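**Student:** below is the sequence, then the predicted model.
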Amino acid sequence: MGRTKPQTKEHCRHCGQLRSIRARGLCCTCNLTPEVRGQYPPGKTAPINHGSLCADPFIPHRLPATVTDARPGTDEKIAVMAERAERGESVFHPSDGQA
């Protein structure tokens, strides 16, 4: 008989609901939604944010909707990062500054 990983109830990384968590730290509903699942890379499990959305850039909330060409450290980049934090998005996007 195969061993299965016991499911625990934790907060989903996307919707924040207290549910059984699957791969990528997502609940079943979010994990089965391709648009949501695509925002969370496989194999990189980050700490679950049990509180309100904080401005910690290293806890991936959800990817920003847009990419910026602003250079690191500029006033423009800092403004973009502040706007992303206000929206509850990760302040970094993997494609930032690649244009």
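**Tutor:** Sure thing, it's come through.

**Student:** Asp96: neighbour count?
**Tutor:** For Asp96, the count of nearby residues is 19 (other C-beta atoms under 10 Å). Yep, even glycine has a C-beta here, placed from its N, CA and C like the rest.

**Student:** whoops, Lys77 was the one
**Tutor:** 17.

**Student:** helix, strand, or coil at it?
**Tutor:** helix (DSSP: H, G, I helix; E, B strand; the rest coil).

**Student:** pLDDT weak spots in this protein?
**Tutor:** Within the chain, the stretches with pLDDT under 70 are 1-8, 43-61, 99.

**Student:** now the helices for it?
**Tutor:** Assigned by DSSP state H, the chain shows helices spanning 28-31, 34-37, 75-86.

**Student:** which one of those helices lies closest to Asp96?
**Tutor:** Closest to Asp96 of the helices of the chain, according to C-beta to C-beta: helix 75-86, at 8.1 Å.

**Student:** coming back round to it: which one of the helices of the chain is the most hemmed in?
**Tutor:** helix 28-31 (a mean of 17; mean count of other C-beta atoms under 10 Å).

**Student:** how far does it sit from its chain's centre?
**Tutor:** 14 Å (C-alpha atoms, centre = their mean, to the nearest Å).

**Student:** check stretch 63-76 too.
**Tutor:** Worked out by C-alpha atoms, centre = their mean, stretch 63-76 lies 17 Å from the chain centre.

**Student:** thinking again about what came up before, now the helices of the chain in CSV, with distance to Arg13?
**Tutor:** Below are those laid out as CSV (distance: least, C-beta to C-beta, whole Å):
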stretch, distance to Arg13
helix 28-31, 8
helix 34-37, 10
helix 75-86, 16
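
**Student:** looking at these, which is closest to Arg62?
**Tutor:** Counting by C-beta to C-beta, Arg62 lies closest to helix 34-37 out of those; the figure is 8.2 Å.
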